[in-house]
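*Asks:* From the sequence below, what's the structure:
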Amino acid sequence: MFRSFRTTALTALCCAAAVPGLVGCGVLSEVGTELGSAADEVQSDLEDAANEVLTEGQLFTGTKTLDVDGASVQVSCSGTPSDGRPVIVLMAGMGDGLDTLADVQETLAEDERVCTYDRLGEGESDQPEGQQSIDDAGVTLTAVLEDVAGDGPVVLAGHSLGGLIAGRYAPDHQDRVSGLVLLDATSPTMIDDITGVIPESATGEGAEVRAQNLAIFQGENPEGIVIDSDPEVRPAGDIPVEVIQHGVRYLGEIAEYGDDLERVWTEGQEQWLALSDRSRLSTAEESGHYIHVDQPDVAVEAILRVTDEAAA
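*Replies:* Numbers count the residues shown, from 1 in each chain. Now for the predicted structure:
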């Protein structure tokens, strides 16, 4: 997380998919226009009929809104379910919508069933009513999983805050979560890490980084989510877990405190290994915080490895 005027640029991603429009294609004749309109109506009717079938529970494909305790949550699913294979659920970081994971979802969906969603306050989902906790985020996640996977197993792949939520959720839902991939996940002791490295007496860039991050963790963020420092990482069962950290030392650029911030970030990634005896830590050498953008192949391969192990 560690937001500053240097690191906030990482969130300015161009993730919207460009859809080319058919413009400047000439003038249609009157007859051609009528035929085109009729064809459009037939196509629309077919799509409506298909969507009616595909949006029933686990068979949902495309993008829809899900009601969670009266709030609207946007969910996207693609790919075909396979017997014995868990559904993969991708979880974005703070300040990001599901569109930031669209390319990874598309790649995985060639052979897997993959879904993602916008947490309350992100993307196209509703704003939360007041502040949220990690447990509240877990309630939303449960509703999404019940809709897209029913009683079946899932593999959670979370980036940044999405990784923190996944790591806290899995120990309490061992009957559902069969594997985890944490992509530069927020440390379980993030507040202590920041205040331990950057003192209250800091000035300049260090003071700015400290103040920004403490405010974010106290709920001044798009999700209104309050994130407490909790050193305990509880086991999530005998499940495959891959923890991947960034290799491009962007935190090291923060004057005076950069090296120590990189150190505590790595220590935070190591803490997540306590989730399972089958946990592995690796480094995406050419990636900053957004591993799934900088090295999408690294993210995809890790998710597929965990899914294969979970299905074995």
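*Asks:* low-confidence ranges in the chain?
*Replies:* Judged by pLDDT under 70, the chain has its weakly predicted residues at 1-58.
*Asks:* so where do the helices sit in it?
*Replies:* 30-54, 102-108, 134-149, 161-169, 190-197, 204-217, 258-271, 291-294, 296-311 (DSSP state H).
*Asks:* Next, the contact list for V89, please.
*Replies:* V114, C115, T116, Y117, V144, L145, V148, A149, V154, V155, L156, A157 (Cβ atoms under 8 Å, 6 or more residues apart in numbering). (Each C-beta comes from the backbone N, C-alpha and C, glycine too.)
*Asks:* most tightly surrounded among the helices of the chain?
*Replies:* helix 161-169 (a mean of 26; mean count of other Cβ atoms under 10 Å).
*Asks:* Might you calculate how far that helix sits from the centre of the chain?
*Replies:* 9 Å (Cα atoms, centre = their mean, to the nearest Å).
*Asks:* returning to that earlier point: out of the contacts of V89, who's nearest Q245?
*Replies:* Distance to Q245, by Cβ to Cβ, is smallest for A157 among those, at 14.7 Å.
*Asks:* ok, now how distant is G167 from D294?
*Replies:* 22 Å (Cβ to Cβ, to the nearest Å).
*Asks:* Dump the contacts of V89 to CSV, plus distance to D69.
*Replies:* What follows is these, written out as CSV (distance: Cβ to Cβ, whole Å):
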residue, distance to D69
V114, 25
C115, 19
T116, 20
Y117, 15
V144, 12
L145, 15
V148, 17
A149, 19
V154, 21
V155, 25
L156, 21
A157, 25
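*Asks:* These: which two are farthest apart?
*Replies:* Y117 and V155 (14.7 Å).
*Asks:* Quick check: the closest residue to D151 other than its chain neighbours vs A310, distance?
*Replies:* Distances taken as Cβ to Cβ, 6 or more residues apart in numbering place R176 nearest to D151, at 8.0 Å, with adjacent residues excluded. Distance of R176 to A310, computed by Cβ to Cβ: 11 Å.
*Asks:* again, but for L66
*Replies:* 24 Å.
*Asks:* likewise P81?
*Replies:* Remark: distance between P81 and A310 (Cβ to Cβ) = 14 Å.
*Asks:* can you check T195 too?
*Replies:* From T195 to A310 the distance is 37 Å (Cβ to Cβ).
*Asks:* that older thread, turn the helices of the chain into CSV, columns for distance to L281.
*Replies:* Output for the helices of the chain, formatted as CSV (distance: least, Cβ to Cβ, whole Å):
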stretch, distance to L281
helix 30-54, 39
helix 102-108, 20
helix 134-149, 22
helix 161-169, 13
helix 190-197, 17
helix 204-217, 23
helix 258-271, 6
helix 291-294, 13
helix 296-311, 11
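*Asks:* Which residue comes closest to T266 once chain neighbours are left out?
*Replies:* Q245 (6.3 Å).
*Asks:* still on that earlier bit, looking at the helices of the chain, which is nearest to A92?
*Replies:* Short answer: helix 161-169, nearest of the helices of the chain by Cβ to Cβ, at 5.3 Å.
*Asks:* Next, the residues that contact the closest one from outside, please.
*Replies:* 1, 90-94, 119, 134, 137-138, 141, 156-158, 177, 180, 182-188, 225, 227, 230, 233, 236, 272, 275.
*Asks:* please redo it, this time with the cut-off set to 7 Å
*Replies:* With Cβ atoms under 7 Å, 6 or more residues apart in numbering as the test, helix 161-169 has contacts from 91-94, 134, 137-138, 141, 156, 158, 177, 180, 182-183, 185-186, 188, 233, 272, 275.
*Asks:* What is the burial count for A202?
*Replies:* Here the count is done by other Cβ atoms under 10 Å, and A202 has 16 residues near it.
*Asks:* Now for it: which residues touch it?
*Replies:* Per Cβ under 7 Å, 6+ apart, neighbours of A202: R210.
*Asks:* gap between it and V68?
*Replies:* Taken as Cβ to Cβ, the span from A202 to V68 is 40 Å.
*Asks:* same check, this time on E232
*Replies:* On the measure of Cβ to Cβ, E232 and V68 end up 28 Å apart.
*Asks:* ok now do the residue nearest to S229 when sequence neighbours are not counted, which residues does it touch?
*Replies:* Leaving aside its sequence neighbours, S229 sits nearest to I191 (Cβ to Cβ, 6+ apart; 4.0 Å). By Cβ under 7 Å, 6+ apart, I191 lies in contact with L214, F217, S229.
*Asks:* Go through stretch 65-72 and flag the buried ones.
*Replies:* By neighbour count with 16 or more other Cβ atoms under 10 Å, stretch 65-72 contains the buried residues L66, V68, A71.
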